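> The following comprises the amino acid sequence and a computationally predicted model.
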Amino acid sequence: MFTQLPVLKMLSAAVLIAAGGLASSHVMAEDFYEGKTIQMVVPFGEGGATYVAAKFLEPFLEKHLPGNPRVNVQTRPGGGSILGANWFAQNAEPDGETILFTTSSTSNPYVLGMDAVEYDLAAMRPAYSLPFGAVIYVSPRTGIDSPAGLKEPDMPLIYGGIAAAASDLPTLLAFELLELDIQTVLGFDGRGPARLSFERGETNIDFQFTPAYMSQVVDMVEAGSAVPIMTGGSVGEDGVLSARDAAFPDYPSVYEVYEELYGEAPSGVEWDAFQSIGAVTFNYGLTAYLPEGTPDEILEIFEQTIAAINDDPEYQERSVNAVGGYSLLPASDVTESLSEALQPSDEVREHLRTLLSEKYDVDL
Amino acid sequence: MLENITTALGLLFEPMRLLALFAGMLAGMVFGMLPGLGGVAAVSILLPFIYLMDSYSGLAMLLGAISVIYTADTITSVLLGAPGSPASAPTAIEGHALAKQGKASLALGVGFLASMVGGLFGALILSVAIPIAGPLVLALGTPELFMFALVGLCFAASMVGKDIVVGLAAACFGILLGVVGAAPAAANYRFIFGQSYLMDGLSLPIVALGLFAVAELIGMVAAGGGIAGKPMTMGKWGESFREFWRSRWLIVRSSIIGIFGGFVPAVGASASTWIAYGHAMSSTKDKRRFGKGEIRGVAGAEGANNATVISDLVPTMLFSVPGGPAAAIFLGALFSFGFYPGPRMVSETPDLMYMIVWSVALASVMGAALCFAVTPYLARLTRINFALIAAPLLLIMVAGAYQGTQTFGDILALLVLGVIGWLMKNAGWPRAPVLVGFVLATPMEQYFWLTTQIHGFTWLTRPGVLIIASLIIVPMLLGLVRKWRARRTSTSADSSGPANHIASDDEAPRDTAILLLASSLLLVTFAYAFYEMLGFRSNARLMPALGIVPGLLLSVYILGRQLYRLGRQGRIIHLGSRQELPVLAGILAYGVAMWLIGFNLATPLLLAWLLLKCAGMRYVSAALYGGIVYATTLGMFALMRLTPPPGSWLSLPMPW
């Protein structure tokens, strides 16, 4: 398990909230979920990363939630997760028995204000998040061995992705922010096929989320066929996406790379856009939302449960391989910062929409 | 290595694990047989249960299901003519034609045996190739993947039937269906009419179910009686063993084609089956029987599709890139059990690898044996009044479709495609090209744009591309040479020409009204699609244009030809298709009822109509049988953890 500041901060916050909450709702919380079943709605298909993470968390929630409810992972794929989220917004009752567990695939269309979105994500109440970090790496053929090398590669950089408005968005925004000259090839049908293309030498810069990085890319790095450069970073104590990724303390974050390249901290609309999308994609990568209007008592129950799961030695042991070893973030750590990221200023939103439609030809 | 192989066998031979493998196999067989509920449905239904077991048992259960799907769906393809997946479409064409001639047992027997051989070959490849297959998979770059899809489409197009114009138009229509949804190369949504349901495109099971199963169901309910015209004699398998032995090398070659298909993620399954089918055709001297019941077509296709689904596991386990949807779920299960696919998993947990190989091999053999055992009983079903089978079948199809996104869009898509399939069937138009165009449109477009973006035009000279291209060109040249020689040696003795064909189903006179309606609808569809297409961005326009422009021209020609024929021959009224209209209306009414009052209330009405009116049952027995069917269907919904479609106007809650 990684012991670093956010975890400590989170624990103390949890204790504070727990202490406050105990007095009022202790009796009710004791067996709140007894005999109940929680539907955890995953708006993607079976077998995907979100599904695997949900199934991984399922036994821990069953064990630590008061009254030991059954937790049922239910998939509702379609519309790139929009259909499942719409269904949740229209059908879920604010009784803590239905949870939407999803990724930036659901939040990006919301932030960009796409027509198909019928859910108000910022009005929902996040119960907990699981960080979903990512590492950007390059091929050794590019001659790049440090972040500074990104500016002067031996050969043109070519990046393979899925779609600009999907999970590639934070990476593309990072390239934009760092003013890198990278040719973007979009249209792969997953990060796996994009990585295969990297392995075949068709592309030479790629990124993978932590679980896939651990199982696939670490071997490539050891074999000398991939060079890790940076991570998306994590949200530090100051609420800025500047800290290092807990799973990769040796690699700099995009924030640090900017500082190294330009000698000053990043700012302006480019940075705000990257931070808004990056925080939701990486730091709050997998977030469990409760419906709008869910009472505070239920959120307090989750607050305590998440702290208990993080303390569970079995979680600490198994999470290393399953989800990259991240601790769960309780609502007290998520709500404010996530809400900011989901509701960027009009300027940032306009910047994102202009960038996507002009540079990446996205039909919004 | 030998040691690992025996340890792995020991691991699998724990009673619990064998039981799990067997349970998975049974589920795979049942879902393989039910039209529309293929591998994905079986594996996703089993998925929650595997978490109750230890990792090896859980994986064995999934593998049991994956390995027998393509063996079991031979039964549906042959008896109903409705393929469970595009990879079984050749079996549905040839096998069903054989079944209509009373040779179902031959088609089934050869199909089972070929599937078994394909499965065993797949297992063999898994055991020897996994340590060395890495470079091979990596050698296939995006240009090769594009070429593979193109070859698949060419092979499929080569067998569109005698009326090439209609066959090509059908393939174009398939491409049109395939490009619905998000474009891969430009962020453009195409033909979604503002519906978020269509953003991901149409789902394959729904297209296959709608085009084939709904139309067949309507036809059979309307005709009354059983599926087969003649009683089928089952259980005499001698002939099928002899035919299997005669085609043994064809099956082996098809299995090898299938194995290569498995190395190509996403394109593999359907492309390799059609390539194997094309190979069966080109390696058979007398090609006349193809399309009308050629057993070698069944042998080739079945050998290939089962090998593909198993060698799909190679990229899954080496690169964690699944080859198909069932493999994707298997990958998720591996993750959940703490196995992280990659070269390291292969070298660090050889026991797991060989356990997988043994599970697949064992399930392939036992699956084929089980299919032989149950077929005589299933064949008896084909003689009872079809309306009795139609009721549970339709409900299963609704459940299978609704599994897609659990919105009413699934049901609507099923019914609309069902009407299209019905029109095509009654117009005598081939439906398999639609399915192939639909399946291959997406990967072709995707890999074409990736290829040109990454490689410019230098990809055309890549050795892999040239080798795959020769798969298209060499048979074409050989065919030309053969024709030229044949013309030189005997200019007059061409007795095997198309003149003395037996008039088959395809050549029966068609109802003029249906033909006119279908042709006009086709023209209107393509014309509208053309208009809409003009607004797309250029990167999103190429692939649709490849389907729409020829489709538009072909449909103008087809309609013109139809009007000309109408002028010459006058009206033909074919009572068969008219008699089916009430059944079609009944099924559409069921859809409307489901939308208004929900599945739970609409279904008893459907059952009453089917059992009392169509099957002519007595009240008591209809109530009893209908009750059982209704309860079973609700149980199935519960098992799949789905809430049946609620009504928009009135909704009966689930009884629990």
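Ah, there it is.
> Look at the residue of the stretch 1-150 of chain A at minimum distance from chain B and say how many residues are nearby.
Evaluated by Cβ to the nearest Cβ, the stretch 1-150 of chain A has A:Gly47 as its residue closest to chain B, separated by 2.8 Å. Quick note: C-beta positions are derived from backbone N, CA and C, even for glycine. By other Cβ atoms under 10 Å in any protein chain shown, 27 other residues sit near A:Gly47.
> same question, A:Glu118
With other Cβ under 10 Å as criterion, A:Glu118 counts 13.
> For the residue of the stretch 401-550 of chain B found nearest chain A, which phi and psi angles does the backbone take?
Closest contact between the stretch 401-550 of chain B and chain A, by Cβ to the nearest Cβ, is at B:Thr405 (3.6 Å). Main-chain dihedrals, B:Thr405, degrees, to the nearest 10: phi -130, psi 0.
> Nearest residue to it in space, ignoring adjacent ones along the chain?
Closest residue to B:Thr405 apart from its sequence neighbours, by Cβ to Cβ, 6 or more residues apart in numbering or on different chains: A:Gly78 at 3.6 Å.
> The one you found contacts B:Asp200, doesn't it?
Yes. Assessed by Cβ atoms under 8 Å, A:Gly78 is found in contact with B:Asp200 at 5.6 Å.
> do you know how far the residue positioned nearest the centre of chain A is from A:Leu355?
For chain A, A:Gly285 is the residue whose C-alpha lies nearest the centre (Cα atoms, centre = their mean; 1.3 Å). Taking Cβ to Cβ, to the nearest Å as the measure, A:Gly285 falls 22 Å from A:Leu355.
> for chain A, what spans make up the helices?
Counting by DSSP state H, chain A has helices at residues A:5-30, A:49-64, A:82-91, A:104-112, A:169-177, A:191-199, A:210-212, A:218-223, A:254-262, A:268-278, A:296-311, A:313-323, A:331-342, A:346-359.
> of those, which approaches B:Phe193 most closely?
Closest approach to B:Phe193 among the helices of chain A is made by helix A:82-91 (15.2 Å; Cβ to Cβ).
> From the rest of the structure, what touches the closest one?
A:41-44, A:75-79, A:98, A:100, A:102, A:106, A:109, A:114, A:116-121, A:124, A:289, A:291, B:196-197, B:199, B:405-407 (Cβ atoms under 8 Å, 6 or more residues apart in numbering or on different chains).
> Filter those residues down to the buried ones.
For the contacts of helix A:82-91, a burial check counting by 16 or more other Cβ atoms under 10 Å in any protein chain shown picks out A:41-44, A:75-79, A:98, A:100, A:102, A:106, A:109, A:114, A:116-117, A:119, A:121, A:124, A:289, A:291, B:196-197, B:199, B:405-407.
> Point out the ones among these that are inside strands.
Among the buried ones among the contacts of helix A:82-91, the members falling in strands (DSSP state E) are A:Val41, A:Val42, A:Thr75, A:Thr98, A:Leu100, A:Thr102, A:Tyr289.
> residue boundaries of the strands in chain B?
For chain B, applying DSSP E gives strands covering B:181-182, B:189-190.
> before we move on, back to that, can you pull the contacts of the residue nearest to B:Thr405?
Taking Cβ under 8 Å, 6+ apart, we find A:Gly78 in contact with A:Pro43, A:Gly84, B:Ser196, B:Tyr197, B:Met199, B:Asp200, B:Gly404, B:Thr405, B:Thr407.
> now A:Asp361
B:Ala186, B:Ala187, B:Asn188, B:Arg537, B:Asn539.
> Is it possible to get JSON lines of these that adds pLDDT, neighbour count and distance to B:Leu98?
Shown next, in JSON lines, are the contacts of A:Asp361 (pLDDT from 0 to 100; neighbours: other Cβ atoms under 10 Å in any protein chain shown; distance: Cβ to Cβ, whole Å):
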{"residue": "B:Ala186", "pLDDT": "70", "neighbour count": "23", "distance to B:Leu98": "45"}
{"residue": "B:Ala187", "pLDDT": "67", "neighbour count": "22", "distance to B:Leu98": "47"}
{"residue": "B:Asn188", "pLDDT": "75", "neighbour count": "18", "distance to B:Leu98": "44"}
{"residue": "B:Arg537", "pLDDT": "81", "neighbour count": "14", "distance to B:Leu98": "47"}
{"residue": "B:Asn539", "pLDDT": "80", "neighbour count": "20", "distance to B:Leu98": "45"}
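> circling back to that earlier point, which single one of the contacts of A:Gly78 is nearest to A:Pro249?
Closest to A:Pro249 out of the contacts of A:Gly78 is A:Pro43 (32.1 Å), distances taken as Cβ to Cβ.
> does that closest one really touch A:Val73, like I thought?
No. Using Cβ under 8 Å, A:Pro43 makes no contact with A:Val73, being 11.6 Å away.
> Which residue lies closest in space to B:Ser519, excluding its sequence neighbours?
Nearest residue to B:Ser519, sequence neighbours excluded (Cβ to Cβ, 6+ apart): B:Leu559, at 4.2 Å.
> can you tell me how far the one you found sits from chain A?
33 Å (Cβ to the nearest Cβ, to the nearest Å).
> Can you report how many residues lie near that residue?
Per other Cβ under 10 Å, the neighbour tally for B:Leu559 reads 19.
> any idea of the pLDDT on the residue lying closest to A:Ser225 once chain neighbours are set aside?
Leaving aside its chain neighbours, A:Ser225 sits nearest to A:Pro140 (6.8 Å; criterion: Cβ to Cβ, 6+ apart). Looking at A:Pro140, its pLDDT is 96.
> same deal with B:Tyr564?
For B:Tyr564, pLDDT reads 89.
> What about it, how many residues nearby?
With other Cβ under 10 Å as criterion, B:Tyr564 counts 10.
> State the distance from it to chain A.
Taken as Cβ to the nearest Cβ, the span from B:Tyr564 to chain A is 42 Å.
> Could I get the contacting residues of that residue?
Not one residue lies near B:Tyr564 by Cβ under 8 Å, 6+ apart.
> can you check B:Ser240 too?
Per Cβ under 8 Å, 6+ apart, neighbours of B:Ser240: B:Ser105, B:Leu106, B:Ala107, B:Leu108, B:Gly109, B:Val110, B:Leu113.
> switch to 6 Å and redo it
Going by Cβ atoms under 6 Å, 6 or more residues apart in numbering or on different chains, B:Ser240 touches B:Leu106, B:Gly109, B:Val110.
> Arrange those in CSV, one row each, with distance to chain A and pLDDT as further columns.
As requested, the contacts of B:Ser240 are exported to CSV (distance: Cβ to the nearest Cβ, whole Å; pLDDT from 0 to 100):
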residue, distance to chain A, pLDDT
B:Leu106, 38, 88
B:Gly109, 34, 90
B:Val110, 33, 92
